[in-house]
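**Student:** Sharing a model that was predicted from the sequence below.
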Amino acid sequence: MMDGFGFPISAGDFRFRGETKIVHRLLSNETRQGTVLDLGSGVGYWAEEFARRFSRVVAVEGSLPLYQALRDRCAPYSNIGTIHGDVLSFVPDGPYSLIFFGGLLMYLNEHDVIDLLQKMIPCLEPGGMILCRESTVQGETVTLTGNYSVVYRSVSDYTRIFTQCGLSLENLERNEAYIFTQMGCEIIEKWKRIVPESFHALRLIGGLTYWGMRGGTHWITRLPQALGISFPSLENHFFVLKSGPPCS
């Protein structure tokens with residue numbers, strides 16, 4: 001999400017560390033002996049993180065370039081199994097103590113989201129968790145088509161979908177690390193729209209924006225809410241979901 005904004009490479013590490021702290025807290029009561037299913041695992045950052053905590057990780061990725069990067073990243077971990085395949089046609093073998101969607105559902109239409117969740121629910125072990133990390137909007141659903149097809153839903157829309165699938169929302173946490181970065185991205189987007197391209201100086205402006213915001217890390221993401229401002233336009237949330245009998 002940070003390509004083309006002039007942020008330092010360390011910005012990605014800062015965001016992931018922040019998200020990891022949230023996930024560790026949300027998983028603090030989960031057993032370390034179970035299996036994690038990471039659907040739409042990308043290049044494997046989360047699969048690698050889960051492998052340090054759980055006995056086994058199954059990582060599924062449909063894009064061949066991303067899968068190759070996933071396989072290379074996860075090669076040192078004997079407890080990670082990687083699968084190249086479409087997540088919608090993937091046949092789960094369960095049971096899983098954790099099923100993780102790290103930004104997958106927003107690329108699916110509502111029908112496919114419901115079908116996928118209903119297929120996964122029976123494969124949760126007793127007390128198992130589905131953890132979703134999804135980008136969200138504060139208002140009406142936003143659907144983008146073309147080269148980048150995505151559906152940005154509100155928290156209430158996701159809650160409705162989860163309830164329809166028979167899932168209960170046990171916890172909801174705003175992804176402050178993501179929102180911090182998104183604020184910077186939207187500031188730079190405004191800069192790019194009002195300033196001629198020859199004067200963008202993204203490496204300079206991006207760096208100044210990022211490090212300037214870092215000075216207010218602990219309060220800057222809460223300021224728009226306190227002022228009643230809908231900024232940034234795109235947010236992100238972690239949804240903790242529970243349900244279902246074990247997979248037979």
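**Tutor:** Right, received. Where do you want to start?

**Student:** Contact partners for Phe64?
**Tutor:** To be clear, residue 64 is Leu; Phe isn't right here. Leu64 makes contacts with His84, as judged by CB atoms under 8 Å, 6 or more residues apart in numbering. Where you see a C-beta, it was placed from the backbone N, CA and C, and this is true even at glycine.

**Student:** For the lengthiest helix in the chain, which helices and strands make contact with it?
**Tutor:** The residue-count maximum for a helix in the chain (DSSP state H) belongs to helix 176-194. Judged by 3 or more CB pairs under 8 Å, 6 or more residues apart in numbering; DSSP states H and E, the packing partners of helix 176-194 are helix 10-26, helix 202-214, strand 235-242.

**Student:** quick one, the shortest one and helix 10-26 angle?
**Tutor:** Spelled out, it's strand 235-242. Angle, strand 235-242 to helix 10-26, by axes from the mean of the first three to the mean of the last three CA atoms, to 10 degrees: 30 degrees.

**Student:** Give the buried residues for the longest helix of the chain.
**Tutor:** 176-185, 187-188, 191-192 (16 or more other CB atoms under 10 Å).

**Student:** what do you get for stretch 73-86?
**Tutor:** Applying 16+ other CB under 10 Å to stretch 73-86 flags Arg73, Cys74, Tyr77, Ile80, Thr82, Ile83 as buried.

**Student:** Let me know the angle separating the strand or helix carrying Leu169 from strand 235-242.
**Tutor:** Taking DSSP states H and E as the definition, one finds Leu169 inside strand 168-174. Following the same axes, to 10 degrees, one obtains 150 degrees for the angle between strand 168-174 and strand 235-242.

**Student:** could I get strand 168-174 in CSV with only the CA atoms?
**Tutor:** Taking Å, rounded to 0.1, in the frame of the first residue of the first chain, the C-alpha atoms of strand 168-174 are listed here in CSV:
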residue,chain,number,x,y,z
SER,A,168,-20.3,-14.3,16.5
LEU,A,169,-18.1,-11.3,16.7
GLU,A,170,-16.1,-11.8,19.9
ASN,A,171,-13.8,-8.8,19.5
LEU,A,172,-13.2,-5.9,17.1
GLU,A,173,-10.0,-3.8,17.1
ARG,A,174,-9.1,-0.8,15.1
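
**Student:** and that strand, what does it pack onto?
**Tutor:** Strand 168-174 is packed against helix 10-26, helix 155-164, strand 235-242, with contacts defined by 3+ CB pairs under 8 Å, 6+ apart.

**Student:** report the angle between the axes of the longest helix of the chain and helix 10-26?
**Tutor:** Computed by the same axes, to 10 degrees, the angle separating helix 176-194 from helix 10-26 equals 150 degrees.

**Student:** who touches helix 176-194?
**Tutor:** Contacts of helix 176-194 (CB under 8 Å, 6+ apart): 1-2, 5-7, 11, 14-19, 22, 135, 200, 202, 205-206, 209-210, 213, 217, 220-221, 231-236.

**Student:** Selecting buried members of the residues you listed in PyMOL, what would you type?
**Tutor:** Only the buried entries of the contacts of helix 176-194 go into this PyMOL selection, using 16+ other CB under 10 Å:
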select buried, resi 2+5+6+7+11+14+15+18+19+22+135+200+202+205+206+209+210+213+220+221+231+232+234+235+236
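
**Student:** mind saving the C-alpha coords of the least confident helix or strand in the chain by mean pLDDT as PDB?
**Tutor:** One helix or strand of the chain scores below all others by mean pLDDT, DSSP states H and E: helix 223-227, with a mean of 87. Only the C-alpha atoms of helix 223-227 are listed here, as PDB (Å, rounded to 0.1, in the frame of the first residue of the first chain):
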ATOM      1  CA  LEU A 223      -7.300  13.000  16.400                       C
ATOM      2  CA  PRO A 224      -9.700  12.900  13.400                       C
ATOM      3  CA  GLN A 225     -12.200  10.900  15.500                       C
ATOM      4  CA  ALA A 226     -12.000  13.400  18.300                       C
ATOM      5  CA  LEU A 227     -12.600  16.300  15.900                       C
END
